[in-house]
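Asker: Kindly return the folded structure for what I paste below:
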Amino acid sequence: MDPVDLRKPPARQEPPEGCLVVAIRMPVRVAALVLVLPVRMAWDALAAAGRFVTRTVLRPAGRALVWLAGVLLVRPAVVLWRYGVLPLCRALAWLGRVLLVVPVVLLYRSVLAPVGHALALLASRAAAALAWLYARVLTPFGHAALRLLRGTASALRTVALGACTAVAWLVRYAVVVPVAWLVRYVVVVPGVWLVRHLVVAPARWLYARILTPVGRAAGRLAGLLLAGVGLGLYWAGRVLLVLPASALWRWVLVPLGRLLALLAREVAEALGHAWRMAGRISVAVGRFLGTLFRLVFVEPVRWVHRTVLTPVGHLLRDAVLRPAAEAARTAGRAGRQALAAARETVRQVRADVRRALFGRPPEREAVGGREPQPSGARTLGRSTTALTKD
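Answerer: Prediction:
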């Protein structure tokens with residue numbers, strides 16, 4: 001047995017296809033190929049034309065527009081900014097500094113700062129005077145008035161508390177206690193006995209002996225009626241709605257949906273297959289047209305360029321252009337030599353005229369070399385000290 005490769009996923013088993021699927025697939029694919037082939041060839045032609053236009057027209061036009069924008073917009077803007085806006089801003093900044101900042105600084109330093117210091121000193125003196133007045137005059141007076149008011153309030157509170165206590169004791173023992181005793185022992189006890197024996201007991205007997213059995217019987221009857229009506233509605237709905245809807249779903253809608261899904265899937269697969277086949281056909285047609293264009297136009301042009309134009313161009317270059325260029329270079333070299341000789345002659349004439357008019361200029365003294373000379377400092381090989389002199 002062959003070893004099983006565990007890294008590869010197991011191959012998916014396709015479900016078996018029936019004759020209906022095959023019978024639908026072939027006509028659909030043929031029709032889709034007939035319909036899609038012109039669209040795919042037009043699409044490929046448009047794509048090739050778009051690539052050609054982009055490569056030959058749009059990109060050079062874009063580069064030209066970028067260069068034109070740089071020449072007409074960016075460089076003038078840079079020049080305007082560098083030589084117009086920046087100097088103007090610097091001049092305005094200098095004028096603002098001279099006309100505004102310096103006067104404001106001088107005004108603040110010479111006027112506002114001394115006035116502010118004087119006002120601050122005056123305010124500090126006034127605050128010190130007010131603090132002394134508050135600490136030495138107002139505070140003792142306020143403490144004395146507060147103590148007086150506290151004593152008066154304490155006396156008044158004591159008097160009011162005693163009066164309120166006496167009134168409360170009088171109201172309690174003259175009104176509240178007699179009324180409470182009267183309500184508890186005269187009104188409440190007889191009333192409770194009357195309500196219990198005349199209202200509660202008859203109502204309890206009526207509820208237990210009459211209302212409870214009647215309510216239970218009515219509830220059972222209503223439950224039976226509702227159960228019968230619900231059962232009838234259930235069977236009527238099942239027979240009239242559920243069973244026909246289930247049959248319609250099972251025997252009509254489900255097969256129709258499967259058929260429509262099969263048609264949609266086959267149409268989608270046919271369109272994809274037709275698109276791929278049309279692409280291959282379009283590529284083959286494009287290659288055939290490209291080969292035909294190359295054989296009919298490009299190869300003859302290339303042959304003419306290689307066998308006719310190139311030898312003629314080389315002949316013109318070797319027989320005409322190079323001798324003409326060499327003659328032009330020789331003439332230019334002779335012209336430059338003549339100009340140099342003329343300049344030298346003019347220079348000599350100017351020197352002779354200057355010498356005849358103003359005389360020979362004085363000769364300059366020769367300047368020695370700029371190399372440092374050896375100094376006369378003491379060395380080990382020289383006896384220049386006072387002790388070693390001869």
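
Asker: What ranges does the stretch 151-300 of the chain have for its helices?
Answerer: 177-182, 189-195, 201-206, 212-237, 243-248, 254-293, 299-304 (DSSP state H, counting those that start in this stretch).

Asker: what's the least confident stretch among those?
Answerer: Looking over the helices of the stretch 151-300 of the chain, mean pLDDT reaches its minimum on helix 189-195, with a mean of 75.

Asker: circling back: for residue 49, which of the helices of the stretch 151-300 of the chain is the nearest?
Answerer: helix 254-293 (11.8 Å; CB to CB). Quick note: C-beta positions are derived from backbone N, CA and C, even for glycine.

Asker: Show me which residues of that closest one are buried.
Answerer: Counting neighbours by 16 or more other CB atoms under 10 Å, one finds that the buried residues in helix 254-293 are 266, 267, 270, 271, 273, 274, 275, 277, 278, 279, 282.

Asker: got those as JSON lines, with distance to residue 240 columns?
Answerer: Below are the buried residues of helix 254-293 laid out as JSON lines (distance: CB to CB, whole Å):
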{"residue": "266", "distance to residue 240": "39"}
{"residue": "267", "distance to residue 240": "39"}
{"residue": "270", "distance to residue 240": "44"}
{"residue": "271", "distance to residue 240": "44"}
{"residue": "273", "distance to residue 240": "48"}
{"residue": "274", "distance to residue 240": "49"}
{"residue": "275", "distance to residue 240": "50"}
{"residue": "277", "distance to residue 240": "54"}
{"residue": "278", "distance to residue 240": "54"}
{"residue": "279", "distance to residue 240": "57"}
{"residue": "282", "distance to residue 240": "60"}
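
Asker: mind showing which ranges of the chain have poor pLDDT?
Answerer: Low-confidence segments of the chain (pLDDT under 70): 1-26, 359, 361-390.

Asker: What count of nearby residues applies to residue 40?
Answerer: Residue 40 is flanked by 20 other residues according to other CB atoms under 10 Å.

Asker: how about it, what does it touch?
Answerer: 275, 278, 279, 281, 282 (CB atoms under 8 Å, 6 or more residues apart in numbering).

Asker: try 6 Å
Answerer: Counting by CB atoms under 6 Å, 6 or more residues apart in numbering, residue 40 touches 278, 279, 282.

Asker: Show me which of these is closest to residue 104.
Answerer: Closest to residue 104, out of all of the contacts of residue 40 and judged by CB to CB, is residue 279, at 79.4 Å.

Asker: Could I get the buried residue list for stretch 72-87?
Answerer: Under 16+ other CB under 10 Å, stretch 72-87 has no buried positions.

Asker: Any idea how far it is from the middle of the chain?
Answerer: 32 Å (CA atoms, centre = their mean, to the nearest Å).

Asker: Repeat that for stretch 333-349.
Answerer: Worked out by CA atoms, centre = their mean, stretch 333-349 lies 72 Å from the chain centre.

Asker: Equivalent analysis for stretch 62-81, please.
Answerer: Offset of stretch 62-81 from its chain centre (CA atoms, centre = their mean): 29 Å.

Asker: end-to-end on it?
Answerer: End-to-end distance for stretch 62-81: 26 Å, by CA to CA, to the nearest Å.

Asker: I'd like to check what contacts that stretch. Which residues are they?
Answerer: For stretch 62-81, using CB under 6 Å, 6+ apart, there are no contacting residues.

Asker: Stretch 43-58 now?
Answerer: Under CB under 6 Å, 6+ apart, the answer for stretch 43-58 is residue 282.

Asker: Same check on stretch 347-364?
Answerer: Contacting residues not belonging to stretch 347-364 are not present [CB under 6 Å, 6+ apart].

Asker: ok, so what distance separates residue 180 from residue 194?
Answerer: Distance check for residue 180 against residue 194: by CB to CB, to the nearest Å, it reads 21 Å.

Asker: follow-up on the earlier one: out of the buried residues of helix 254-293, which is nearest to residue 60?
Answerer: Checking these against residue 60 by CB to CB gives residue 282 as the nearest, at 28.2 Å.

Asker: Pretty sure that closest one sits against residue 41.
Answerer: Yes - using CB atoms under 6 Å, residue 282 makes contact with residue 41 at a distance of 4.8 Å.
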